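In: Give the three-dimensional model of this entry:
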Amino acid sequence: MRVTNSMIYDRVITQLNNQQARLAETQEKISTGKNILKPSDSPDQVAALDRLESRVRQTERYLTNINSIKDKLGQQELAANTMNDDLSRVKELLIQGANGTLNAAARDALAIELKEIYNSMISLGNRKDVDGTYLFSGYVQDRAPFSFDLDPLNQDGSEKVFKEYYAGNNEVQVITVDDGYQLEVGMPGNQLFAGFSNQDGNPTSVFAVLKLAIKGLEDNDVAQVSKSIDDVGIALTHVNNRLAAIGSKLNTAETQLGIHQSRMESYEMTISRIADLDYTTAVTELKNQSLALQAGQSSFAQISNLSLFNYIR
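Out: Modelled structure (predicted):
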């Protein structure tokens with residue numbers, strides 16, 4: 001096959017165009033800071049980036065969930081600590097009330113403070129989370145779980161069933177914190193304000209214990225006041241157990257937070273390694289490509305000036 005000047009010129013021009021295209025691509029990479037400009041540049045790496053970015057988005061959702069969990073558990077912990085303080089104060093007042101030297105008027109005065117604590121406990125049970133949902137109402141959110149108008153005692157002084165004065169339900173909210181891993185976050189009212197038995201072994205609640213203590217003081221019933229001291233002690237133990245459970249969940253949330261933060265750092269480093277440009281290498285490559293293009297263009301210019309007359313001369 002005879003190689004003509006035209007064929008030589010076409011081949012050289014094609015090579016120069018390819019060099020110029022590679023140079024332009026390197027310049028674009030440097031201007032954008034991206035190592036991959038289009039999917040066809042490296043399909044395998046693009047697929048890997050898609051998988052990594054999907055994991056980043058999932059991890060971000062888990063991090064959002066965990067921060068929401070920490071907020072909710074923090075509110076629960078605050079409420080339980082307040083209950084602990086209030087019940088400790090109630091126990092102090094009842095110990096005073098059980099003193100045989102105290103008269104009825106003095107016990108009435110103690111009952112007044114207990115009523116204030118009882119009302120404070122109702123408000124505590126109706127506390128809302130940062131997102132405006134009731135903390136201790138389960139999945140029932142259209143009404144407050146507790147009411148000042150509903151007495152936990154019957155007219156004869158016996159205790160009502162908890163659900164008769166609890167408007168929430170017993171459903172526990174769970175939130176996903178990792179693939180296949182959920183954490184119980186909700187604490188319905190039956191878990192914090194009830195869920196324990198008095199010294200007689202009967203199911204009771206914090207509200208019923210307080211009401212019976214108030215009744216004992218108002219009736220000047222020293223025996224009932226003494227019994228209430230023990231029942232308040234049982235309620236305190238129950239609340240402290242709930243506090244321990246909340247603390248355990250907070251520790252779990254913190255652990256998961258650390259795991260996801262470490263994963264996020266790893267994902268971002270890998271993404272950067274694949275997607276971000278190595279400027280030092282790219283600038284060196286740009287210089288080499290520029291020199292190669294200039295050399296090619298110079299050689300082509302010299303070849304283009306050659307003709308049969310140049311050789312004859």
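In: any chance you could map the helices in the stretch 51-200 of the chain?
Out: Counting by DSSP state H, counting those that start in this stretch, residue ranges of the helices within the stretch 51-200 of the chain are 104-125, 189-192.
In: most packed of the ones you listed?
Out: Mean neighbour count (mean count of other Cβ atoms under 10 Å) peaks for helix 189-192 among the helices of the stretch 51-200 of the chain, with a mean of 22. Backbone N, C-alpha and C define where each C-beta goes, glycine included.
In: contacts for that helix?
Out: For helix 189-192, the surrounding residues in contact (Cβ atoms under 8 Å, 6 or more residues apart in numbering) are 76, 79-80, 83, 125, 136-138, 145-146, 162-163, 166, 168, 170, 172, 239, 242.
In: And stretch 231-249, by the same measure?
Out: 69, 73, 76-77, 80-81, 83-84, 87-88, 90-91, 94, 183-185, 187, 191-192, 195-199, 204, 206, 209-210, 212-213.
In: same question, stretch 153-168
Out: Here stretch 153-168 makes contact (Cβ under 8 Å, 6+ apart) with 134, 136-138, 140, 143-147, 150-152, 188-190, 193-194, 202-205, 207-208, 211-212, 215.
In: at 7 Å what do you get?
Out: Contacting residues not belonging to stretch 153-168 are listed as 134, 136-138, 140, 143-146, 150, 152, 188-190, 194, 204-205, 208, 211, 215 [Cβ atoms under 7 Å, 6 or more residues apart in numbering].
In: Ok, stretch 71-90 next?
Out: 114, 117, 120-121, 124, 127, 129-130, 135, 185, 187, 192, 210, 213, 232, 235-236, 239-240, 242-243, 246, 249-250, 253.
In: got the buried residues for that stretch?
Out: For stretch 71-90, a neighbour-count test (16 or more other Cβ atoms under 10 Å) marks 72-73, 75-77, 79-80, 82-84, 86-87, 90 as buried.
In: How about stretch 197-210?
Out: In stretch 197-210, counting by 16+ other Cβ under 10 Å, buried: Asn198, Thr204, Ser205, Val206, Phe207, Ala208, Val209, Leu210.
In: so can I have CSV of the residues you listed showing secondary structure?
Out: Formatted as CSV, the buried residues of stretch 197-210 follow (DSSP: H, G, I helix; E, B strand; the rest coil):
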residue, secondary structure
Asn198, coil
Thr204, strand
Ser205, coil
Val206, helix
Phe207, helix
Ala208, helix
Val209, helix
Leu210, helix
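In: Take the residues you listed and lay them out in TSV including distance to Glu268 and pLDDT.
Out: Formatted as TSV, the buried residues of stretch 197-210 follow (distance: Cβ to Cβ, whole Å; pLDDT from 0 to 100):
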residue	distance to Glu268	pLDDT
Asn198	56	96
Thr204	53	97
Ser205	50	97
Val206	48	98
Phe207	51	98
Ala208	54	97
Val209	53	98
Leu210	53	98
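In: since we're on the closest residue to Asn119 other than its chain neighbours, how many residues are nearby?
Out: Once flanking residues are discounted, Asn119 sits nearest to Phe148: 6.7 Å by Cβ to Cβ, 6 or more residues apart in numbering. As a burial measure, Phe148 scores 11 neighbours (other Cβ atoms under 10 Å).
In: Glu53 is nearest to which of the helices of the stretch 51-200 of the chain?
Out: Closest approach to Glu53 among the helices of the stretch 51-200 of the chain (Cβ to Cβ): helix 189-192, 39.9 Å.
In: how far is the closest one from where the chain is centred?
Out: Distance of helix 189-192 from the chain centroid (Cα atoms, centre = their mean, to the nearest Å) equals 23 Å.
In: And the strands in the stretch 51-200 of the chain?
Out: Ranges of strands in the stretch 51-200 of the chain, per DSSP state E, counting those that start in this stretch, are 174-178, 181-184, 196-197.
In: Go through these and name the closest to Met269.
Out: Met269 lies closest, by Cβ to Cβ, to one member of the strands of the stretch 51-200 of the chain: strand 174-178, at 20.3 Å.
In: What are the buried residues along the closest one?
Out: Ile175, Val177, Asp178.
In: Export those to a markdown table and append columns for pLDDT.
Out: Formatted as a markdown table, these follow (pLDDT from 0 to 100):
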| residue | pLDDT |
| --- | --- |
| Ile175 | 94 |
| Val177 | 94 |
| Asp178 | 94 |
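In: Closest one of these to Asn220?
Out: Of the buried residues of strand 174-178, the one sitting nearest to Asn220 (Cβ to Cβ) turns out to be Ile175, at 49.9 Å.
In: Can you name the residues that contact the closest residue to Glu218 other than its chain neighbours?
Out: In space, and not counting its chain neighbours, Glu218 is closest to Ala111: 4.9 Å by Cβ to Cβ, 6+ apart. Each residue near Ala111 by Cβ under 7 Å, 6+ apart is listed here: Ile214, Leu217, Glu218.
In: That concludes my questions; thank you for your assistance.
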